[in-house]
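Q: Give me coordinates for this.
(2 chains)
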Amino acid sequence: MAHILQVLVDAVSLGSLFALVSLSIGLVFGIMRLINFAQGDFVTIGAYSLLAPAAGATPVLFLGALPWPLMLVLVLTVVVVLALLTERIAFRPLRNAEPATLLVSSFAVSYFLQNLVIVLYTSRPKALSLGAEISNVVNVFGLRVAGIQLLTIGVTAVLLVGISAFLRFTSLGLQMRASAENFRMARLLGVRANRVIAGAFAIAGFLGGVVALLLTVQTGVVDVRAGATLVVFGFFATVIGGMGSLVGAALGGFLVGTVSAVLQTILPADVRPFRDAFVFAAVILILLVRPRGIIASKSKERV
Amino acid sequence: MGMQNLSSGGDFGRAPSRLVAKGVTVTFGGITALSDVDLELEQAEIVGLIGPNGAGKTTLVNVLTGFQSPTRGTVELDGVDLKGDRPFRVAARGVSRTFQAGRLFKRLTVRENLEVAGFHTGCSRRQARESADRILEQMNLTACADTIAGSLNYGHERRVGIGRALATGPKFVLMDEPASGMNDAECEELVACILDIPGQFGCGVLLIEHNMTVILKACERIQVMDGGRRIAMDRPDAIVADPRVRAAYFGTRHATSAGGNGIH
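A: Residues are numbered from 1 along each chain as shown, chains lettered A, B, ... in the order given. Next comes the predicted model:
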């Protein structure tokens, strides 16, 4: 029983990170039909902003050296600004382009950002001990849980509630929901395309910054490839959830997290390094059963 | 002086708007969809636009709303040429339209559908909500304000679509066959709703409709089109009596396709 609960905690905390990434992808996709693979690099750059650009193996702290409230605000600001700049420079001019063009463009942005990081920091992963005190294992009802896992779950819960409230109660949130359903119609009714899209990117950047911090505390490493791996899982979660459904995106994140955590437990030790192959196989299986995702957007057009 | 101000309360404070199309011609490849068509629409009047299928009614509405640029001719709103304005720009200037398929935001509530349209002038959410509730009340739709739009029945869906167009605060609303697929009771409600629009919202209505009962009950003037041309523009009684109109429109089998509501 305790073992099952242990796996559950792992599943939910891993799923939380995936959920935040897939939600970011889903928000932007919903409005402009862009699958933004650069979302992972937002996370990467958020993590690297903790360090000063340097080629050496010993990490030199930059934002990571600040007191944590200031560090938090600045890392989030860096990623939000990056997301907004990406939108403004790379995606806004292509707004009326085919989804395939947008997808290629997002790959280009992703590789550009990765290479930018390599130029500034080299491609060598750097150890970074951040918030060591919250990584400590705490005892919760007989379960041994790392503090960062609890923090991840708590922060994600707060963000999910916060984003739901934002989408439901604010003007911009309502306009984003309407635009996600029918962008052209929303524009006809006076919704400003630039504001709504920038809003989606700002939220995606904010979530990217949060994921960057949580991931760095959890792994203790800053790696140029971390974001790209994360975005693949996040994207699968979005697809499993049903493209265009934000609830589905979050659920998909938790599902992918659960599958990973369960496989980590049940796979024989020498197969575990290939866990991700099994995760992806599970994703293919899920999509074969439900090709339009768990929460398929029902588009019943009347004739 | 004070009395004058009081009495001008119903005039909505400014000179009435005019939407004027002059000599509009649209050709697709070698085919002429519209040929030298005029249309004048005054704020606070209800004008019908009728004609057999393929007469060019929808093309004309597309031209008026910026969805189609005319090959020749102009569309002016209060003397301002709308040439080159994209649809959302035309809508922002005050020419709103409804579509044959309701095109509501199906996952939003009815109230939210109207609220989305209410931010055009930089209103707050609260102001958009108040204006949405006011429109819903005027249109007798308050009961379904919290209903998810995707679950509405056909008649309600159409009327919410009209309400949403009105929520943009337009000078003119162009309605593309709002009564199609409605039963008689729903048509009655629709007519009542349309008749209230000029008085309550101060905007003009262009009504494209096959249902002649709705057209004759709602409209002060009717423009008849056939083969991409305007063949008549007159009061309903004169239109019904016009032999050219009868030949082009009522005389054909289209009269029977109006579901028994046509004039025979």
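Q: from the stretch 1-150 of chain B, which residue is nearest to chain A?
A: Residue of the stretch 1-150 of chain B nearest chain A, by Cβ to the nearest Cβ: B:H120 (3.4 Å). Quick note: C-beta positions are derived from backbone N, CA and C, even for glycine.
Q: That residue looks like it's in a strand, true?
A: No - counting by DSSP: H, G, I helix; E, B strand; the rest coil, B:H120 is not part of a strand but coil.
Q: That one and A:F201: what is the separation?
A: Separation of B:H120 from A:F201 (Cβ to Cβ, to the nearest Å) stands at 23 Å.
Q: neighbour-wise, which of these two wins?
A: Taking neighbours as other Cβ atoms under 10 Å in any protein chain shown, B:H120 and A:F201 compare with A:F201 leading, 30 against 19.
Q: can you pull the contacts of that one?
A: A:28, A:83-84, A:86-87 (Cβ atoms under 8 Å, 6 or more residues apart in numbering or on different chains).
Q: The residues you listed in helices, which ones?
A: Within those, residues falling in helices by DSSP state H are A:28, A:83-84, A:86.
Q: among those residues, which are within reach of chain B?
A: Subset of these in contact with chain B: empty, counting by Cβ under 8 Å from any Cβ of the partner chain.
Q: Distance to A:A180 for these - can I get that in a markdown table?
A: As requested, these are arranged in a markdown table below (distance: Cβ to Cβ, whole Å):
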| residue | distance to A:A180 |
| --- | --- |
| A:V28 | 10 |
| A:A83 | 18 |
| A:L84 | 19 |
| A:T86 | 19 |
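Q: ranking these by neighbours, who comes first?
A: Among these, the one with the most neighbours (other Cβ under 10 Å) is A:A83, at 29 neighbours.
Q: and the closest residue to it other than its chain neighbours, how many neighbours?
A: Once flanking residues are discounted, A:A83 sits nearest to A:G205: 2.9 Å by Cβ to Cβ, 6 or more residues apart in numbering or on different chains. When neighbours are counted by other Cβ under 10 Å, A:G205 registers 28.
Q: so which strand or helix has B:A232?
A: Per DSSP states H and E: B:A232 is located in strand B:229-234.
Q: right, and the helix or strand after that strand?
A: Beyond strand B:229-234 on the C-terminal side, the first helix or strand identified by DSSP H and E is helix B:236-241.
Q: for residue 90, helix, strand, or coil?
A: You didn't say which chain, so I picked chain A. At A:A90, secondary structure determined by three-state DSSP is helix.
Q: what's near enough to touch it?
A: A:A90 neighbours (Cβ under 8 Å, 6+ apart): A:105-106, A:108-109.
Q: B:L19 is in contact with B:T74, correct?
A: No - between B:T74 and B:L19 there is no contact under Cβ atoms under 8 Å: 11.5 Å.
Q: between those two, which one's more packed in?
A: Looking at B:T74 and B:L19 with other Cβ under 10 Å, you find the greater number of neighbours at B:L19, namely 24 against 14.
Q: which SSE is the residue nearest in space to the middle of chain B in?
A: By Cα atoms, centre = their mean, chain B has its centre lying nearest to B:L174, at 2.3 Å. Assigned by DSSP H and E, B:L174 belongs to strand B:172-176.
Q: okay, that strand in CSV with CA atoms only?
A: The C-alpha coordinates for strand B:172-176 follow below in CSV (Å, rounded to 0.1, in the frame of the first residue of the first chain):
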residue,chain,number,x,y,z
PHE,B,172,-26.0,48.1,-39.0
VAL,B,173,-26.7,44.4,-38.6
LEU,B,174,-26.8,42.2,-41.7
MET,B,175,-28.6,38.9,-41.2
ASP,B,176,-28.1,36.0,-43.5
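Q: Show me what that strand is packed against.
A: Helices and strands touching strand B:172-176, as assessed by 3 or more Cβ pairs under 8 Å, 6 or more residues apart in numbering or on different chains; DSSP states H and E, comprise helix B:57-64, strand B:95-98, helix B:154-167, strand B:204-208.
Q: So the first one, near chain A or not?
A: No - on the criterion Cβ under 8 Å from any Cβ, helix B:57-64 is out of touch with chain A, staying 12.9 Å away.
Q: try the third one
A: Yes - using Cβ under 8 Å from any Cβ as the criterion, contacts between helix B:154-167 and chain A involve B:154, B:164, B:167.
Q: How far does that helix sit from its chain's centre?
A: Centroid separation for helix B:154-167 versus its chain: 12 Å, with Cα atoms, centre = their mean, to the nearest Å.
Q: how about that helix: buried residues?
A: Buried positions in helix B:154-167, judged by neighbour count with 16 or more other Cβ atoms under 10 Å in any protein chain shown: B:155-167.
Q: of all the residues in chain B, which ones are close to chain A?
A: B:87-88, B:91-92, B:96-97, B:101-103, B:105-108, B:112-113, B:115-117, B:119-120, B:124-125, B:128, B:150, B:154, B:164, B:167-168.
Q: Grab the longest helix from chain B for me.
A: Ranked by number of residues, the top helix in chain B under DSSP H is helix B:184-201.
Q: which helices and strands sit right next to that one?
A: strand B:46-50, helix B:125-138, helix B:154-167, strand B:204-208, helix B:212-218.
Q: does B:T65 really touch B:F88, like I thought?
A: No - B:T65 is not in contact with B:F88 according to Cβ under 8 Å; the separation is 10.0 Å.
Q: related to what we said a few turns ago, quick one: the ones in helices among the contacts of A:F201 as a markdown table, columns for pLDDT too.
A: Below are these laid out as a markdown table (pLDDT from 0 to 100):
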| residue | pLDDT |
| --- | --- |
| A:V28 | 94 |
| A:A83 | 98 |
| A:L84 | 98 |
| A:T86 | 97 |
